[in-house]
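Asks: Sequence first, then the predicted structure, then my questions.
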Amino acid sequence: MLTTCNIVIVGGEGDLAFRKLYPALYALHRDQLLADCTKVVGFGRGRYDREGFLDNMLQWTRDSDYIDGVDEQCWERFRDRVIHFKGSATEADDLVRLKQELGDDDIVFFLSTPPTIFAPICDAMGKAGVVSEGTRLVVEKPLGFSLESFGEINDTLFKTFDEHQIYRIDHYLGKETVQNLLALRFANIFFEPLWNRNYIDHVQVTVAESVGVEGRWNYYNESGALRDMVQNHILQLVCLVAMEFPARNEADDIRDEKLKIIRCLAPIDAGNVQACTVRGQYAGGSVDNQLVNGYTDEKDTQDKHSDTETFVAIKAHIDNNRWAGVPFYLRTGKRMPNRYSEIVIQFKPVVFKFIDIDPNAINNNSLVIRLQPNEGIEMNLMNKVPGLSEEFSIQNVGLNLSFEEAFEEHRSPSAYERLLLDVTRGDQTLFMRSDELRGAWRWVDGIIDGWKTTAQRVKKYKAGAAGPDDALGLIIRDHRKWQDFE
Ligand code: BG6
C-alpha cells in the first residue's frame, strides 16, 4: 500500500534537487510508487517563476542517466503534483502557509541546504507547529566535520525531531550493488563458512573517481577525502562486508550490527598513523586522454599551498573474533585512472599443495564485488589449463556475473529513488543512525589528530595515476598488492 504523505524539498531550487531529487521523484511517480495525493514541493527563495522552475526540472529529468526518456502524458500528471512554493524555511510564517496549503497529511522535509541553517529551520518548524509524530526529516552530508560538530548538528535536530523521524542519507546505501552485499552474504550458504580470519587473507575497498573536485573546491578543501568519502561511504561498505547476521531484517537490527563493526575498528592515532595511512593530492596530469590541472591549480582554488588530501589509503583492522588480524585496505581518490568502485575479498592460499607448482599461483581465490560501473560479481578460481602437456599448469579464471546481463529485464533505480521511497514508507534500514555516525567520526577524528600531531603531509600523484607511490608501499610492505585498475 502506498503511504500518503507530501514531500517538501527545502532548498528546492538548488543543485541537488534538480540533479537528483526531482528526477528520482518523477521516476517514482512514473512507476506508480507515489500515492495519488502526494504533492512534491520545491520550497525555495523564488529564483524562478513556476514555468521556469518546471522547465528546469524537466530538463534535468530528461538528462538523468536513470530516466530513459520522459513520457509527455506522464510528465503532465507529474506537473500536477508539483508545488513551487516561494518562501524561507527559516521563517515560521512561511512554514505555516505551507502547512495550510498541504493540509493534514504527514510531511517529509528533505533539507537540501547547508547544515549551517539546519538550526534556524528546525526552530522555525517547531514554532510553526508543522512537526507531528508522522513528520520525517531527511538530511545529508556533510553532517559535521568532526565528532564535536556532528554532535552540535545532531543536538539541533533532536530539539525538534526524534531519532525515528530522522533519515540521514548516505547515498551509497541506496545503490543496488551495495544493498546486494546483504543478499550475497546472507542468502548464499557457501560464503558464510569462509567469511572469517581463517580463510580470508585481506579485504580491499577501492572507490576511485576520475573527476576532480568539480567546482566544489571550497567545500572540499575543508573536508578532504577522508571526511568526504571514508567517514561515510567507505565505512558503510566495510560494515556491510564485516557485520554479523542481524537478528531480523529490520532497520535497527541491521544498524546494531553495523555499529558493532564501527566500534571494533582499531584506533589509528599519532602512534600508528604514518604506518597505516597515506595522504595524496593530485598534481596536473592526464585523465581519459585529457590534460587536467592539479588540485591547487583548479579554477576555483583559494590556496595554492593547500595540504588537503584528494586521495587517502588506509590499512584498517577490525578487532573482533571474526576479523582479528585481517587487514582491510581502503583507498579512495579523485583524478584516478577511471571511475571504479569495488570490494575484493582475497582468500588465503590452499594449505596442502597437492602438486609441485609455483606456490604463488595457488594464491588466487578472490571474490570481486564490482559496485560501479559494470556492476557485477567475479569469483576467481584456479583451473587446469586444458592440454596434454606433461606439466600440470593451472591458471586463474574468473566466473563473471554481470548484473546487466543477468537482470536484463530489470531497470536499476537510482540511489535517490530507493532512498526517497523508503522515507515515504517510513523504513530507516538504509539510513544512518546517530550512534553509527558518532562512532565513525570518533575513528576518523583519531586519524586527523594523528596527521596533525605527526605533521603528515600529502604526497603528490599525477592526475590519472592510482594515487601516490606510497599507497603501493602500504600494501606491498605486507607482501600483497592492490587489485589492478580495469
Ligand atoms: C559524494 C562526495 O558524497 O560522493 C563526492 O561528496 C563524490 O565528492 C560522490 O564525488 C561520489 O558518489 P558516486 O555515487 O558518484 O560514487
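Replies: Good, I have the coordinates.
Asks: Now the residue of the chain found nearest the ligand. Nearest residue, chain neighbours left out?
Replies: Distances between the chain and the ligand by CB to the nearest ligand atom are smallest at Asp228, namely 4.8 Å. For every residue, glycine as well, the C-beta is placed using N, CA and C. In space, and not counting its chain neighbours, Asp228 is closest to Tyr220: 6.6 Å by CB to CB, 6 or more residues apart in numbering.
Asks: I'd like to know how many residues surround the one you found.
Replies: Burial of Tyr220 is recorded as 22 neighbouring residues (other CB atoms under 10 Å).
Asks: Can you tell me how far it is from Met229?
Replies: Counting by CB to CB, to the nearest Å, the gap from Tyr220 to Met229 is 11 Å.
Asks: now swap in Gly52 and tell me
Replies: Gly52 is 35 Å from Met229, by CB to CB.
Asks: Just want to know which of those two has more residues nearby.
Replies: Of the pair Gly52 and Met229, Met229 is the one with more neighbours under other CB under 10 Å, namely 22 against 12.
Asks: What's opposite the closest residue to that one other than its chain neighbours in the beta bridge?
Replies: Leaving aside its sequence neighbours, Met229 sits nearest to Thr332 (CB to CB, 6+ apart; 4.4 Å). Thr332 has the following beta-bridge partners by DSSP bridges: Val207, Val312.
Asks: Assign a three-state SS to the residue lying farthest from the centre of the chain, would you?
Replies: Distance from the C-alpha centroid of the chain peaks at Glu390, with 50.4 Å (CA atoms, centre = their mean). Following DSSP: H, G, I helix; E, B strand; the rest coil, the label given to Glu390 is coil.
Asks: Any stretches of this protein with poor pLDDT?
Replies: Residues of the chain meeting the criterion pLDDT under 70: 353-363, 486.
Asks: what about the longest helix in it?
Replies: Taking DSSP state H as the criterion, the chain has its longest helix at helix 434-454.
Asks: Quick one: the helices in the stretch 51-200 of the chain, in order.
Replies: Secondary structure of the stretch 51-200 of the chain (DSSP state H, counting those that start in this stretch): helices at 72-81, 92-102, 118-128, 147-160, 176-186.
Asks: in the second one, what's buried?
Replies: When burial is assessed from 16 or more other CB atoms under 10 Å, helix 92-102 yields the following buried residues: 92, 94-95, 98-99, 102.
Asks: what about Gln302, neighbour count?
Replies: Neighbour count of Gln302, defined by other CB under 10 Å: 10.
Asks: With Asn56 instead?
Replies: Neighbours of Asn56 under the rule other CB under 10 Å: 17.
Asks: can you check the one 4 residues further on too?
Replies: By other CB under 10 Å, the residues close to Trp60 number 19.
Asks: And for the one 4 residues further on?
Replies: Using other CB under 10 Å, Ser64 has 20 neighbouring residues.
Asks: Which positions in the stretch 101-250 of the chain make contact with the ligand?
Replies: 171, 209, 228 (CB under 6 Å from any ligand atom).
Asks: can you pull out the strands in the stretch 251-400 of the chain?
Replies: Ranges of strands within the stretch 251-400 of the chain are 277-283, 285-287, 290-292, 311-316, 328-333, 340-347, 366-372, 376-384, 394-402, based on DSSP state E, counting those that start in this stretch.
Asks: Distance to Gln483 and mean neighbour count added to these, as TSV?
Replies: Output for these, formatted as TSV (distance: least, CB to CB, whole Å; neighbours: other CB atoms under 10 Å):
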stretch	distance to Gln483	mean neighbour count
strand 277-283	17	25
strand 285-287	20	17
strand 290-292	24	14
strand 311-316	13	25
strand 328-333	10	24
strand 340-347	5	21
strand 366-372	7	20
strand 376-384	10	15
strand 394-402	12	13
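Asks: Assign a three-state SS to the residue of the chain closest to the ligand, would you?
Replies: Three-state call for Asp228 (three-state DSSP): helix.
Asks: now Asp478
Replies: Under the three-state scheme (three-state DSSP), Asp478 adopts coil.
Asks: Could you do the one 3 residues further on as well?
Replies: When the structure is split into helix, strand and coil by three-state DSSP, Lys481 lands in coil.
Asks: How about the contacts made by it?
Replies: Taking CB atoms under 8 Å, 6 or more residues apart in numbering, we find Lys481 in contact with 472, 475.
Asks: Equivalent analysis for Phe311, please.
Replies: For Phe311, the contact set (CB under 8 Å, 6+ apart) comprises 225, 278-282, 331-334, 336, 461, 467-468, 471.
Asks: Not counting stretch 133-152 itself, show me its contacts.
Replies: Outside of stretch 133-152, the residues within contact range by CB under 8 Å, 6+ apart are 5, 16, 106-112, 115, 118, 122, 153-154, 157, 160-161, 165-171, 219, 222-223, 227-228, 232, 423, 426, 437-438, 441-442, 445, 448.
Asks: cool, and stretch 39-54?
Replies: With CB under 8 Å, 6+ apart as the criterion, stretch 39-54 contacts 6-14, 17, 22, 25, 29, 56-57, 78-79, 81-89, 98, 102.
Asks: Buried residues in it, which are they?
Replies: 39-44, 48, 53-54.
Asks: Now compare those and name the two farthest from each other.
Replies: Maximum pairwise distance in the buried residues of stretch 39-54, criterion CB to CB, is 17.9 Å, between Lys39 and Tyr48.
Asks: pretty sure Gly11 is in contact with Ser112, am I right?
Replies: Yes. Assessed by CB atoms under 8 Å, Gly11 is found in contact with Ser112 at 3.6 Å.
Asks: residues shared between the contacts of those two?
Replies: Both Gly11 and Ser112 are contacted by Ala17, under the criterion CB under 8 Å, 6+ apart.
Asks: Next, count neighbours for His202.
Replies: Counted by other CB under 10 Å, the residues lying close to His202 total 19.
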